[in-house]
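Asks: Structural data only, the sequence is not supplied:
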């Protein structure tokens, strides 16, 4: 008899192009992480969900459209992959500092690149998928060695 727990099932939800979608996406992700018993990196995952969905809403979703948030088990099933699918053009990139701090906008992907283990952009027709991945292990605090 197999007593191993099966990996969690992927979860996804579609959101319309409206401000309320950002807190709704974050609440959806929080609920999934709780059900999956993801504790160690939950705050990092939720912040990245907020940043990626905000970017999709502001830059990737044409009027009358929406975006898809997909959460998937990652690694051995104890990590999380976040995907935000939108139908907009362009490829997001981390802003390159030119001797000054980034402005009010442009910090979202900088945060994602610092918090996630990996992130990237994939093709989709139409649009793109911006994703990030988190292992189950907690990140070491900045300046601390494990």
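Replies: Received it, and whenever you're ready, just let me know what you need. No experiment lies behind these values; they were computed from the predicted model shown.

Asks: What's opposite the residue nearest to residue 122 when sequence neighbours are not counted in the beta bridge?
Replies: Leaving aside its sequence neighbours, residue 122 sits nearest to residue 129 (CB to CB, 6 or more residues apart in numbering; 4.3 Å). Heads up, the C-betas are built off the backbone N, CA and C, glycines and all. With DSSP bridges applied, residue 129 shows beta-bridge pairing to residue 85, residue 122.

Asks: Residue 129 - how many residues pack around it?
Replies: When counting by other CB atoms under 10 Å, one arrives at 15 neighbours for residue 129.

Asks: these two touch, right, residue 71 and residue 81?
Replies: Yes - between residue 71 and residue 81 there is a contact under CB atoms under 8 Å: 7.3 Å.

Asks: And those two? Which one has more around it.
Replies: residue 71 (24 against 19).

Asks: List the contacts of the more buried one.
Replies: For residue 71, the contact set (CB atoms under 8 Å, 6 or more residues apart in numbering) comprises 10-12, 29, 32-33, 80-83.

Asks: In JSON lines, list these along with pLDDT and distance to residue 19.
Replies: Compiled in JSON lines, the contacts of residue 71 are given as follows (pLDDT from 0 to 100; distance: CB to CB, whole Å):
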{"residue": "10", "pLDDT": "94", "distance to residue 19": "26"}
{"residue": "11", "pLDDT": "96", "distance to residue 19": "22"}
{"residue": "12", "pLDDT": "97", "distance to residue 19": "21"}
{"residue": "29", "pLDDT": "97", "distance to residue 19": "17"}
{"residue": "32", "pLDDT": "95", "distance to residue 19": "22"}
{"residue": "33", "pLDDT": "94", "distance to residue 19": "23"}
{"residue": "80", "pLDDT": "95", "distance to residue 19": "25"}
{"residue": "81", "pLDDT": "97", "distance to residue 19": "26"}
{"residue": "82", "pLDDT": "98", "distance to residue 19": "20"}
{"residue": "83", "pLDDT": "98", "distance to residue 19": "21"}
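
Asks: Let me see the contact set for residue 10.
Replies: By CB under 8 Å, 6+ apart, the residues touching residue 10 are 70-73.
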